[in-house]
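J.: here's a sequence, model it:
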Amino acid sequence: MKKRNNYIQLPNDEVKKILANSYYQNSMQQLDNANVTINHLENIFTNETYYLAMKIVPLLERKVLYLSYVENIRLDDICKRLKLQKKDVIKLRNRGINHFKHNLEFIYKTDSLRNGGKN
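T.: Prediction:
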């Protein structure tokens, strides 16, 4: 009696595609499961440094970033929802991005100093 091989052989490129798709789907599922609300945009990050950097961005700026980038809401609708003018929402969004970037720089510098400049 001849033994049957139940394994399917796939080319390496096909395996890479399957793994990449699986990784992407798992990442998106983790994002969907994250407790992300308008007041807690920082929960979108699994990287602790990014989480901390976003956590200390002022709340109103985080709200604007959340509505803009997570919920993908139009500028006019954000203005209505937060009862702000367009120029104010644009300023808040820009400030939020800048605060996040500056917070990241500060955290990286602090970590570098804490580690004795070995970063």
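J.: pLDDT below threshold where in this protein?
T.: 1-35, 117-119 (pLDDT under 70).
J.: in it, which spans are helices?
T.: In the chain, the segments counted as helices under DSSP state H are 12-33, 48-55, 59-65, 75-82, 86-114.
J.: relative to N39, which of the ones you listed is closest?
T.: helix 59-65 (6.6 Å; C-beta to C-beta). C-betas here are computed from N, CA, C, even on glycine.
J.: make a markdown table out of the helices of the chain and add distance to E42 and mean neighbour count.
T.: Output for the helices of the chain, formatted as a markdown table (distance: least, C-beta to C-beta, whole Å; neighbours: other C-beta atoms under 10 Å):
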| stretch | distance to E42 | mean neighbour count |
| --- | --- | --- |
| helix 12-33 | 13 | 10 |
| helix 48-55 | 4 | 16 |
| helix 59-65 | 7 | 20 |
| helix 75-82 | 19 | 14 |
| helix 86-114 | 10 | 14 |
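J.: and the gap between L104 and D76?
T.: In this view, L104 and D76 are 30 Å apart by C-beta to C-beta, to the nearest Å.
J.: take the helices of the chain and write them to CSV, including distance to L41.
T.: Compiled in CSV, those are given as follows (distance: least, C-beta to C-beta, whole Å):
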stretch, distance to L41
helix 12-33, 12
helix 48-55, 6
helix 59-65, 5
helix 75-82, 14
helix 86-114, 9
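J.: distance of I38 relative to G96?
T.: 13 Å.
J.: cool, and T49?
T.: T49 is 17 Å from G96, by C-beta to C-beta.
J.: do N103 as well
T.: For N103, the distance to G96 - C-beta to C-beta - is 10 Å.
J.: shared neighbours of I38 and G96, which are they?
T.: R62 (C-beta atoms under 8 Å, 6 or more residues apart in numbering).
J.: cool, thanks, talk later.
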